[in-house]
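Undergrad: sequence plus the predicted model coming up.
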Amino acid sequence: MWLLLSVLVLLGAFLWKIRAKPIAGSWCVPGVPFLGSFFNLLMNHHRLFDWCLESARKAHAAGYKSFCMPLPGQTIYFVMTPDYVEYVLKTKFEEFVKGQQFHENMEELLGDGIFNVDGDLWRDQRKIASGMFTARQLNYKMHKVFLNDGFELVNILRSKQNETVLLQKLFFQYTLDCIGQIAFGANLDTLHKHHPFSDAFDSAQEVLSFRFTSPSQFWRVQRMFSFGSEKHVPICVKIIDDFVYGLIKEMRGRIENSTSVLEATQASENNENETDAYTTTFGDNLLAMFVAHSIRRKMQISDKYLRDLCMNFLIAGRDTTASGLSWTFFYLSKNPEIQEKLYQLIYTELQNNESFIKEKEQGRGHYTVTTDNISNIPFLDAVFSEAIRLNPPVPGDAKFPQCDVRMPDGVIVPAGSQMVYQPFIVNRMECTWGPDADEFKPERWLDEEGKFKKVSAYKYVTFNAGPRLCLGKGMAYMEAKIVISLLLMSFRFLPTAETNSTYRVSVLMSLKNNLPLQVLPRN
């Protein structure tokens, strides 16, 4: 009897401890005692981001700039206006961190890479990696990669013209081939052939993404006893590691045994840009740059460090741009007048190029697009920006307060809670973007003279903001604008009966049906 009573008391104490706790002074998503918003979340999980946006608009209509979602064992606090986003991502940057929970969710894939860590480890990686995104790198190495692989994409679509094509799938293959060259110096060529790394990468990411939307106890038990979706993770990670560590070993051997180390060292001493000196000698890729940097500074960088670094940039460089391109062509297919307007502007810009005239006379299937070309078409920037405003590739991000944090309105966000800012919410708030916030209107990005308008990163938070503002933003825009230009010069894209905006609920906002579009040749 006493034993049963003791068990009931302990159970009651445990349930009381993990009960859903609203944040005082914050608007709360409706729920029930103890369980909070759990059932509401469960019923709306298939449309998670739209549901969160609806909750944000209700909170704002009630006079709030934030809201909370109390759940058993975890309270989630959402910010939804530019001033609050800036407060969290800049003003209180040191208080809101990625934290152990985020790190554990993605540890097998991202390890201790730049997107999965805080503090000095994050700062050191960001400082070195920033050299990869200089104007020289963008204008020469990256432009060449994006253009050449873009030609291959055009050729593939030309062989499938007048057919229905799953365009999103091709975009993920294209961006993986590109970032593979930029990160590793290796062309996986997934546009033309199957590569085991690609499948393992996709499978591992899908499983790890599920951890963000399921109770941590559930997937931890699966991982511990190796069943369910978690049983696939070690298999996928081994395939990934075998490939990446092989590249690292090859790169180390090539650099460490090369007499060019001395030449690069001497060049760097007479060159303000040390990165340029080393990448010119050893290759324009992230892996070579870090290995050479460690030799120059006589630093000990482990293979694990290099592996984690490259995997982080691989995810950022592949997934986000592929998702952005997919949503761009979704909206272009649904708005043929905008698609035609953009084509005409691109054609007008390219037709005076010597390379364009020569290639047209020779009947080539694609045309060279220069960095100057894509910089001279503000409407091209506007179309891409509007697509990823409405459907940001990373629809939400979470941080964890290290201590109790007082917000501008006096609300205390307690340590141990989860702070979420969703670009999907911030980018669609009517109080920020106007009553047409849900409409695809590229013109909102142009001023009266037709020039592209820059918008605060805290209002347009697709590329993060504050100290963690995305290093690869310029690269993403260049890659997307080159692909859009190449494809529209050769094809028209029409929706099919299956083309819809249903998205996968994941850390990446991709189209659930892989974007089936009819591809028609241009005359």
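TA: Happy to help now that I have it. Residues are numbered from 1 along each chain as shown.
Undergrad: what's the distance between stretch 385-403 and the middle of its chain?
TA: Stretch 385-403 sits 9 Å away from the centroid of its parent chain (CA atoms, centre = their mean, to the nearest Å).
Undergrad: what residues sit buried inside that stretch?
TA: For stretch 385-403, the neighbour count (16 or more other CB atoms under 10 Å) marks 385-401 as buried. (C-beta placed from N, C-alpha, C; glycine too.)
Undergrad: same check, this time on stretch 490-505
TA: Residues Ser490, Phe491, Arg492, Phe493, Pro495, Thr499, Tyr503, Val505 are the ones in stretch 490-505 that count as buried (16+ other CB under 10 Å).
Undergrad: let me see the mean pLDDT of it.
TA: In this model, stretch 490-505 carries a mean pLDDT of 94.
Undergrad: one more: stretch 371-388?
TA: According to the model, stretch 371-388 has a mean pLDDT of 94.
Undergrad: convert the C-alpha atoms of it to CSV, please.
TA: Extracted C-alpha coordinates of stretch 371-388, given in CSV (Å, rounded to 0.1, in the frame of the first residue of the first chain):
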residue,chain,number,x,y,z
THR,A,371,28.0,38.4,-63.3
ASP,A,372,27.4,41.8,-64.9
ASN,A,373,24.3,40.5,-66.7
ILE,A,374,22.6,39.3,-63.6
SER,A,375,23.5,42.5,-61.7
ASN,A,376,21.7,44.5,-64.4
ILE,A,377,18.3,42.9,-64.0
PRO,A,378,16.7,44.2,-60.7
PHE,A,379,13.5,42.3,-61.5
LEU,A,380,15.4,39.1,-61.4
ASP,A,381,16.5,39.9,-57.8
ALA,A,382,12.9,40.9,-57.0
VAL,A,383,11.4,37.6,-58.3
PHE,A,384,13.8,35.4,-56.3
SER,A,385,13.6,37.5,-53.2
GLU,A,386,9.8,37.4,-53.3
ALA,A,387,9.7,33.6,-53.7
ILE,A,388,11.9,33.0,-50.7
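Undergrad: tell me where the stretch 1-150 of the chain has strands.
TA: 27-28, 66-71, 74-79, 96-97 (DSSP state E, counting those that start in this stretch).
Undergrad: any residues touching the second one, and which ones?
TA: For strand 66-71, the external contacting residues (CB atoms under 8 Å, 6 or more residues apart in numbering) are 20-23, 26-29, 31, 35-38, 41, 55-56, 58-59, 75-80, 84, 407, 409, 411.
Undergrad: weed out the non-buried ones from those.
TA: Buried members of those, scored by 16+ other CB under 10 Å, are 20-23, 26-29, 31, 35-38, 41, 55-56, 59, 75-80, 84, 407, 411.
Undergrad: in TSV: the strands of the stretch 1-150 of the chain, plus mean pLDDT and distance to Asn514.
TA: Formatted as TSV, those follow (pLDDT from 0 to 100; distance: least, CB to CB, whole Å):
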stretch	mean pLDDT	distance to Asn514
strand 27-28	94	37
strand 66-71	92	31
strand 74-79	91	30
strand 96-97	92	35
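Undergrad: among these, which comes closest to Tyr343?
TA: The minimum distance between Tyr343 and the strands of the stretch 1-150 of the chain falls on strand 74-79, with 39.0 Å, by CB to CB.
Undergrad: about what we covered before: so which of the strands of the stretch 1-150 of the chain is nearest Leu471?
TA: Set against Leu471 and scored by CB to CB, these come closest in strand 96-97, at 18.8 Å.
Undergrad: now do that closest one: distance to the chain's middle.
TA: Averaged C-alpha coordinates place strand 96-97 at 19 Å from its chain's average position (CA atoms, centre = their mean).
Undergrad: contact partners of that strand?
TA: Val88, Leu89, Asp118, Gly119, Lys399, Phe400, Pro401, Gln402, Val405, Met419.
Undergrad: can you rerun that using 10 Å?
TA: By CB atoms under 10 Å, 6 or more residues apart in numbering, the residues outside strand 96-97 that reach it are 87-89, 103, 117-119, 122, 398-402, 405, 413, 419, 421, 466.
Undergrad: out of those residues, which end up buried?
TA: Buried subset of these (neighbour count, 16+ other CB under 10 Å): 87-89, 103, 117-118, 122, 398-401, 405, 413, 419, 421, 466.
Undergrad: farthest-separated two in these?
TA: The span of the buried ones among the contacts of strand 96-97, defined through CB to CB, is set by Tyr87 and His103 at 23.6 Å.
Undergrad: the strands in this structure, which residues?
TA: Secondary structure of the chain (DSSP state E): strands located at 27-28, 66-71, 74-79, 96-97, 164-166, 397-401, 405-406, 412-413, 418-421, 491-495, 516-521.
Undergrad: quick one: those strands as CSV, columns for distance to Lys127 too.
TA: Output for the strands of the chain, formatted as CSV (distance: least, CB to CB, whole Å):
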stretch, distance to Lys127
strand 27-28, 40
strand 66-71, 33
strand 74-79, 28
strand 96-97, 18
strand 164-166, 40
strand 397-401, 21
strand 405-406, 27
strand 412-413, 30
strand 418-421, 25
strand 491-495, 41
strand 516-521, 41
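Undergrad: low pLDDT regions in the stretch 51-200 of the chain?
TA: The model of the stretch 51-200 of the chain has pLDDT under 70 over residues 132, 135-139.
Undergrad: now do 80
TA: Within the stretch 51-200 of the chain, the stretches with pLDDT under 80 are 73, 128-140.
Undergrad: quick one: the closest residue to Phe384 other than its chain neighbours from Thr321, how far?
TA: Distances taken as CB to CB, 6 or more residues apart in numbering place Ala480 nearest to Phe384, at 5.1 Å, with adjacent residues excluded. Distance, Ala480 to Thr321, using CB to CB, to the nearest Å: 6 Å.
Undergrad: take the buried residues of stretch 385-403 and keep only those in helices.
TA: Ser385, Glu386, Ala387, Ile388, Arg389, Leu390 (DSSP state H).
Undergrad: Thr348 contacts Ser485, correct?
TA: No: checked against CB atoms under 10 Å, the pair Thr348 and Ser485 is beyond contact range at 11.8 Å.
Undergrad: with neighbour numbers in mind, choose between those two.
TA: Ser485 (26 against 11; other CB atoms under 10 Å).
Undergrad: identify the residues contacting the more buried one.
TA: Applying CB under 10 Å, 6+ apart to Ser485 gives the contacts 147, 150, 342-343, 345-347, 349-350, 367, 369-370, 373-374, 377, 380.
Undergrad: narrow the residues you listed to just the buried residues.
TA: Neighbour-count burial (16+ other CB under 10 Å) applied to the contacts of Ser485 gives 147, 150, 342-343, 345-346, 349-350, 367, 369-370, 373-374, 377, 380.
Undergrad: separation between the residue positioned nearest the centre of the chain and Val455?
TA: Taking CA atoms, centre = their mean, the centroid of the chain lies closest to Thr320, which sits 3.5 Å from it. Distance, Thr320 to Val455, using CB to CB: 18 Å.
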